[in-house]
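Asks: With the input below, show me the fold.
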Amino acid sequence: MLLVIALCSCHGHYPTLLTQADSLILRGKYQEADSLLAVYDRHASNSKHDQMYRQLLQMERKFVDGTLSSNDFLIVDSLCRYYDQREAQYEHASSLCLLGYVYYNSGDYPSALNTYQEANRMAEEQKNNYLSGWLYQKMGDVFFDQSMLQECTSYYRKYYDTAVNNHDTLRMALAAFRMGRVYTIYNKVDSTIYYYRKSIEYGHTTSYPENIVPHAKSALSDIYIQIKEYGKASKFMTRDSIDDANWAYWHLGQNHVDSALWYLERIHGRFGVYGERETCLNIAQILESKGDVSKALFYYKMLPSIEDSIRVKSQIDETRRTQAQFNLNQVRHERDIAQNQSTIRGFIIGITFLITLMTSAIVYLTWRKYRNQKEQELTQGRLLLQEMERQNKQSAAQIERNIQQITLLNQQLQEARNNNDNVKAEKFQLEARLLDAENKQIQTKLQYKQEMQRELEHSPLRERIKLNAGKEYFQLKDEEWLQLATLIDNANDQFTKRLRNLYDNITEYELHICYLVKLDIPSVAIGTMLYKSKAAIGMARKRLYKKLTGKDGTAKDFNEFIKAF
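Replies: Numbers count the residues shown, from 1 in each chain. Presented below is the predicted three-dimensional model:
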């Protein structure tokens, strides 16, 4: 009840049912809030003041349900403008939080982060810990989606600590789950297990355990399977589809091949390209061990295209991370500029009645110095952007980045036209055309690369190797090795040259191993072709992995590295 009184005092005179519902929404008691709102709606006030507040609560309910989307932009934006004009700090901060979420769901991470930070500044000034908790979570999500783990961990930690201070078990459970997810990426097993167990513990005390506990249990069992503690893992797994992948690897880890195969085929195609690679490989290996070679070959043939998709996706993800970091720096830079401008304006207003002509000159010189500093920072930003663009042009990921940029420019173009800003409109239109032309050029290069890959795929030499590898007395002549190297280099961005850049003393024998692994030739067949035993080929691959990557690894690690290289 103390929280309800505090809310009433900090954001104006509203009907008691609405302020109580707002308090319940903030604390995660959604069913009670819905009941109060239903009672209020039977005799709703005609006051615009109350109607706007009721609309704010409606958007808050969509926010906590995860259904707030770009379709709600106009409503949320009008709420922000309304409460900004009325200088209603609490309501303005809440509506900014909602607006940030709309930006986030639209993929506009810089705008989302900027809006969240402004809302959080206001929430912290009001000491509104519940609203701050919301904002810490959402800012952490923005950074997590961009794989910026240091910033992500900092905000999730604030989210968790705020929930503990508020004795908010719902947010404690959600925050603990997110902390577990982050520490999984950091590969800190003890911390990961601790937070997932906390999420399960807190989740059972909430009104919605079914929304938290099964996911936390599934994540925890996955960790136990990875560290081979199968007994502990089985205690947390159910027979629901959420645990199909866990059961697959639980059986696989204990060599229950039939059960593992059943679950692997069940999850086939469910977890994107990264999960698909591991699933297909495991299915193919199990089928091969069971003697079903033709079906195993079907899954093995899927691996090259999956590897290509992973490589392109990795390049795109890296480009997005680079862009996200650049956008973050830009947001921080613009925030600092805004703070500096606010300080300068306050200073000027404060001394207006005391300044002399000399003081005015000092203010002018200070302003000129600030302008020069700003121009230098902008110049450095442009140089950084030019360098990033130059590097990105070397990869297919630039196409994806350009498409996103064209979409943004088209939005800005429409905004400029709506504002009758013809200069900006012409600028945005020209930039979009330039990016489109660049994409066409990159597409041509990619088509050439694809043609080279098709040439390798359908070359008579490759077909002959795939058909005869492992047969006694089948080897390649020197000119055939050269031909194979040329085909692989053309299809894989100068594969040989890049290997030599990593390890300049690589031998012809080691290169031949790399070529055959690239063609997905089994190690036994490689040994036959190179007059070596399977064990010798395995040792050579482990040594070569160390020389190429600087890390210890297995022969399997080497195969995966070469196929993705």
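Asks: Excluding chain neighbours, what is closest to E91?
Replies: Y83 (4.2 Å; CB to CB, 6 or more residues apart in numbering). Quick note: C-beta positions are derived from backbone N, CA and C, even for glycine.
Asks: Next, the contact list for that neighbour, please.
Replies: 52, 91-92, 95 (CB atoms under 8 Å, 6 or more residues apart in numbering).
Asks: Please apply the same query to L303.
Replies: 277, 280-281, 284, 520, 563 are the contacts of L303 under CB under 8 Å, 6+ apart.
Asks: Now do the SS call for V524.
Replies: For V524, the assignment made with DSSP: H, G, I helix; E, B strand; the rest coil gives helix.
Asks: ok, back up a step: pLDDT at the residue nearest to E91, what is it?
Replies: Reading off the confidence values, Y83 has pLDDT 90.
Asks: V331 too?
Replies: 48.
Asks: How far off centre is stretch 162-177?
Replies: Here stretch 162-177 is found 23 Å from its chain centre; the criterion is CA atoms, centre = their mean, to the nearest Å.
Asks: Stretch 466-473 too?
Replies: 44 Å.
Asks: What subset of the contacts of Y83 is buried?
Replies: Among these, those classed as buried by 16 or more other CB atoms under 10 Å are 52, 91-92, 95.
Asks: Sort out for me which of those residues are in strands.
Replies: If you go by DSSP state E, the buried ones among the contacts of Y83 have nothing in strands.
Asks: Quick one: mean pLDDT for stretch 547-564?
Replies: Stretch 547-564 carries an average pLDDT of 88.
Asks: oh sorry, the question was meant for stretch 39-59
Replies: What stretch 39-59 shows for mean pLDDT is 89.
Asks: so how far is the first residue of it from its last?
Replies: 18 Å (CA to CA, to the nearest Å).
Asks: what's next to it, contact-wise?
Replies: Under the contact criterion CB under 8 Å, 6+ apart, stretch 39-59 has outside partners 12, 14-15, 17-18, 21-22, 25, 33, 37, 68, 72, 75-76, 79, 82-83, 91, 94-95, 98.
Asks: let's go with 10 Å and repeat that
Replies: 11-22, 25, 33, 36-37, 68, 72, 75-76, 78-79, 82-83, 86, 88, 91, 94-95, 97-99, 101-102 (CB atoms under 10 Å, 6 or more residues apart in numbering).
Asks: Show me which residues of it are buried.
Replies: Within stretch 39-59, the residues that count as buried by 16+ other CB under 10 Å are 40, 50, 52-57, 59.
Asks: All the strands of the stretch 151-300 of the chain, residue numbers only.
Replies: Assigned strands in the stretch 151-300 of the chain: none (criterion: DSSP state E, counting those that start in this stretch).
Asks: What of the chain?
Replies: Under the criterion DSSP E, the chain carries no strands.
Asks: And the lowest mean pLDDT element among the helices and strands of it?
Replies: Least confident helix or strand of the chain, by mean pLDDT, DSSP states H and E, is helix 2-10 with a mean of 37.
Asks: The nearest residue to S106 once chain neighbours are set aside and A432, how far apart?
Replies: Residue nearest to S106 in three dimensions, not counting chain neighbours: S70, with 4.8 Å by CB to CB, 6+ apart. According to CB to CB, to the nearest Å, S70 stands 21 Å off from A432.
Asks: ok, those two, which is more surrounded?
Replies: Between S70 and A432, counted using other CB atoms under 10 Å, A432 has the larger neighbour count: 19 against 13.
Asks: Does that one touch A416 like I think?
Replies: No. Using CB atoms under 10 Å, A432 is not in contact with A416, being 11.9 Å away.
Asks: hmm, back to that, switch the buried ones among the contacts of Y83 over to TSV; also include distance to K477.
Replies: What follows is those, written out as TSV (distance: CB to CB, whole Å):
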residue	distance to K477
M52	82
E91	80
H92	77
S95	74
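Asks: Could you count how many residues lie near V164?
Replies: Neighbour count for V164, taken as other CB under 10 Å: 15.
Asks: tell me the domain boundaries of this structure?
Replies: 1-167, 311-446, 459-564 (automatic domain parsing).
Asks: Out of these, which is closest to R270?
Replies: domain 311-446 (16.6 Å; CB to CB).
Asks: and the residue nearest to M122 when sequence neighbours are not counted, what is it in contact with?
Replies: Excluding its sequence neighbours, the residue lying closest to M122 (CB to CB, 6+ apart) is A93, at 3.9 Å. If a contact means CB under 10 Å, 6+ apart, then A93 has 11, 80, 83, 118-126, 128, 131-132, 134-135 as its contacts.
Asks: Write a ChimeraX command that selects only the buried members of the residues you listed.
Replies: The following ChimeraX line selects those of those that are buried, judged by 16+ other CB under 10 Å:
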select :11,80,83,118,119,120,122,123,128,131,132,134,135
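Asks: center of this protein - which residue?
Replies: Ranked by distance to the mean C-alpha position of the chain (CA atoms, centre = their mean), the top residue is D145 at 2.8 Å.
Asks: how much space is there between that residue and G100?
Replies: D145 sits 14 Å away from G100, going by CB to CB.
Asks: can you check V182 too?
Replies: To G100, V182 is 21 Å away according to CB to CB.
Asks: as a whole number, average confidence for stretch 140-148?
Replies: Per-residue scores along stretch 140-148 average to 83.
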